[in-house]
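Trainee: Quick one, fold the following:
(chains A and B)
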There are 2 protein chains.
Amino acid sequence: MSEGAKLPAEFSLIARHFRPLAGEGALGLSDDAALLDPPAGQQLVLAADAMVAGVHFLPDDPPETIGRKLMRVNLSDLAAMGAKPLAYLMTVALPPGTDTAWLDAFTAGMAEDQARFGLSVLGGDTVSTPGPLTLSLTIIGTVPPGKALLRRGARVGDELWVSGSIGDGALGLRAARGALPDDGYLAGRYRLPEPRVDLGIALRGVARAAMDVSDGLAQDCGHLCRLAGCSAEIAVQDVPLSPAARAALEADPALLPLILSGGDDYELLFAAAPGDAARVVEAGLAARTPVTRIGLFTEGPADVTLRDAKGGVFSLPRGGWSHF
Amino acid sequence: MSEGAKLPAEFSLIARHFRPLAGEGALGLSDDAALLDPPAGQQLVLAADAMVAGVHFLPDDPPETIGRKLMRVNLSDLAAMGAKPLAYLMTVALPPGTDTAWLDAFTAGMAEDQARFGLSVLGGDTVSTPGPLTLSLTIIGTVPPGKALLRRGARVGDELWVSGSIGDGALGLRAARGALPDDGYLAGRYRLPEPRVDLGIALRGVARAAMDVSDGLAQDCGHLCRLAGCSAEIAVQDVPLSPAARAALEADPALLPLILSGGDDYELLFAAAPGDAARVVEAGLAARTPVTRIGLFTEGPADVTLRDAKGGVFSLPRGGWSHF
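Mentor: Down below sits the predicted model:
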């Protein structure tokens, strides 16, 4: 027999599509594992997320956005910890009929974001599935020891801040499905969220607690409350909206609960001491990322109260999004 | 609204099933990411693998073996690098109807292997899928700098060694499907391969090149040849078989190609200098793992020649297993 001549198809798939993404230590993706020299004097920050076609993205989303979305969702986890991106590993379960053009576009998108966010692939696996396209990505970042932003740590009296704008992701999913008028901005925010990596790094030593908004603003704020053992109040009129989201809300005020609890925002939600507002604003400027104060942590049970412009309590029909 | 009272189902699923598996740095799986202090003076070794029900395991395999198989497949990658297990992250895409009893058994299996192999979970994600159960696992190990076993490095004249026994995995899949008589040994080897972690560590500084046998003995030996730029000869009669595999082969000699190229063995295949046989045997004894010399690296193109007992060339109908 002659093994050398005929490389298996999986082998050439990796060589063509994934090897160009490989970084130092990946050993060209041709060994059993990667070797990584951990940056001296740093802690590693690690997160993993999975996405399934039809659940987390639309099966006909452009292939160049799909891998990037997963990378950005993971980058958002690093941002929420104040970590600097370093590398990632990815597994891809491909349905029958996935062709080379699809994979070319998929990996071209990954390459673009790798360059932008400064990370490279260390390893992974490509397998076949009779089911929908399923991706899993493990991301690795670094943070100086003790400087990671954690979800716990908010205190009564702290101010609640959020980056960027809220609601675009959930509205964008509707727009991508054709159920909401859109010039492409909202659908684009759904397909390619903007991980706030620079802001997370700038907030080291400033934010007392932080997380990224993935399940919905109200629900995720509830997580910060639970870990802090206190309540929070959010002033709904202060929640930052993009011009597109504001226009959609004006056209249909019934969209407000979706905006406040729809999720897929990937903005940073964080607590800062009341005297630190200037430092927060400075961090936002340094990171070229808008930051908005939207509420307060208060004494009380681990609840979130949404207040409308008149000080009344605004109730949500449901608390957020859960896969189960 | 009251976010605090009603925890989302995904939250409680993680709390019940996965938090007990979490190790130091996992932050109770309740933060955006994990924090890991990399062990001082060590390189990290990282690998990721995915498994899909119906492709990599049987949909009715016992749940307590499914996660462990994926962990062991990844541990085998660490073993092939001579690395010591440290931690892992896992994503799980669950089909509709996955119940608590299934998850209890699944995570109980993971817990058993975590304890045995000395690692813990750092993070992950649980999502729903309309398709088959799909798992992805990223494993992290450590190795002293420069001591990792790599696939490249074999030289002409080196001896080819393999651990344990070959063919059980491929025969075990047939047995698990009821297509081969089995007292349970072969199916057990398919469902729970034995990663040769201790042997990999013992072979640091002894093996010149190493990999684990996942695609099939013949095909994987071809990888070592390609990276070394030489040929290899394997003496078929020297390939170690378990008593169950030997009995199956005696009953049906047509099973030989499946044994030699069926894959799913997760044994270590490695090269050692001709004078180092005693050191290899010593490493096997230290790791309580059988090691067998099965061939030689020779001058020539990157081909593998299988020789039968009379010195003739044994030809395989196909070269191994590829998902594409």
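Trainee: Skipping adjacent residues, who's closest to residue A:83 in space?
Mentor: residue A:141 (3.3 Å; Cβ to Cβ, 6 or more residues apart in numbering or on different chains). Quick note: C-beta positions are derived from backbone N, CA and C, even for glycine.
Trainee: Just confirm that neighbour is within a strand.
Mentor: Yes - the assignment for residue A:141 by DSSP: H, G, I helix; E, B strand; the rest coil puts it in a strand.
Trainee: contacting residues for it?
Mentor: A:44-46, A:78, A:81, A:83-86, B:33 (Cβ atoms under 8 Å, 6 or more residues apart in numbering or on different chains).
Trainee: Who does it form a beta bridge with?
Mentor: Using DSSP bridges, the bridge partners assigned to residue A:141 are residue A:45, residue A:85.
Trainee: picking up where we left off before, switch the contacts of residue A:141 over to TSV; also include neighbour count, pLDDT and distance to residue B:215.
Mentor: Listed next are the contacts of residue A:141 as TSV, based on neighbours: other Cβ atoms under 10 Å in any protein chain shown; pLDDT from 0 to 100; distance: Cβ to Cβ, whole Å:
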residue	neighbour count	pLDDT	distance to residue B:215
A:44	25	97	31
A:45	29	97	34
A:46	31	97	28
A:78	32	98	34
A:81	30	98	37
A:83	32	98	36
A:84	21	98	36
A:85	24	98	32
A:86	22	97	30
B:33	32	94	33
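Trainee: could these go into a markdown table alongside distance to residue B:108?
Mentor: Compiled in a markdown table, the contacts of residue A:141 are given as follows (distance: Cβ to Cβ, whole Å):
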| residue | distance to residue B:108 |
| --- | --- |
| A:44 | 29 |
| A:45 | 29 |
| A:46 | 24 |
| A:78 | 32 |
| A:81 | 30 |
| A:83 | 33 |
| A:84 | 37 |
| A:85 | 35 |
| A:86 | 34 |
| B:33 | 26 |
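Trainee: Grab the nearest non-local neighbour of the residue of the stretch 51-200 of chain A found nearest chain B.
Mentor: Taking Cβ to the nearest Cβ, chain B has its nearest neighbour within the stretch 51-200 of chain A at residue A:131, 1.9 Å off. Nearest in space to residue A:131, with sequence neighbours left out and distances taken as Cβ to Cβ, 6+ apart, is residue B:131 at 1.9 Å.
Trainee: Can you list phi and psi of the one you found for me?
Mentor: phi -100, psi -160 (degrees, to the nearest 10).
Trainee: Then residue A:91 would be within a strand, right?
Mentor: Yes - under three-state DSSP, residue A:91 sits within a strand.
Trainee: Quick one: neighbours of it, just the number.
Mentor: For residue A:91, the neighbour count with other Cβ atoms under 10 Å in any protein chain shown is 26.
Trainee: Just give the nearest non-adjacent residue to it, would you?
Mentor: Of all residues beyond its chain neighbours, the one nearest residue A:91 is residue B:50 (3.7 Å), with distances taken as Cβ to Cβ, 6+ apart.
Trainee: What residues are bridge-paired with that neighbour?
Mentor: Under DSSP bridges, the beta-bridge partners of residue B:50 are residue B:136.
Trainee: Look up how far residue B:217 lies from it.
Mentor: In this view, residue B:50 and residue B:217 are 23 Å apart by Cβ to Cβ, to the nearest Å.
Trainee: So if I had to pick from those two, which one is more boxed in?
Mentor: Here residue B:50 and residue B:217 are compared on neighbour count by other Cβ under 10 Å; more neighbours surround residue B:217, at 30 against 27.
Trainee: Kindly list the main-chain dihedrals of the more buried one?
Mentor: In terms of degrees, to the nearest 10, the main-chain angles of residue B:217 are phi -50, psi -50.
Trainee: pLDDT score for it?
Mentor: Note for residue B:217: predicted pLDDT of 97.
Trainee: That one reaches residue B:239, doesn't it?
Mentor: Yes - with contact defined as Cβ atoms under 8 Å, residue B:217 counts as touching residue B:239 (6.8 Å).
Trainee: Good, wrapping up.
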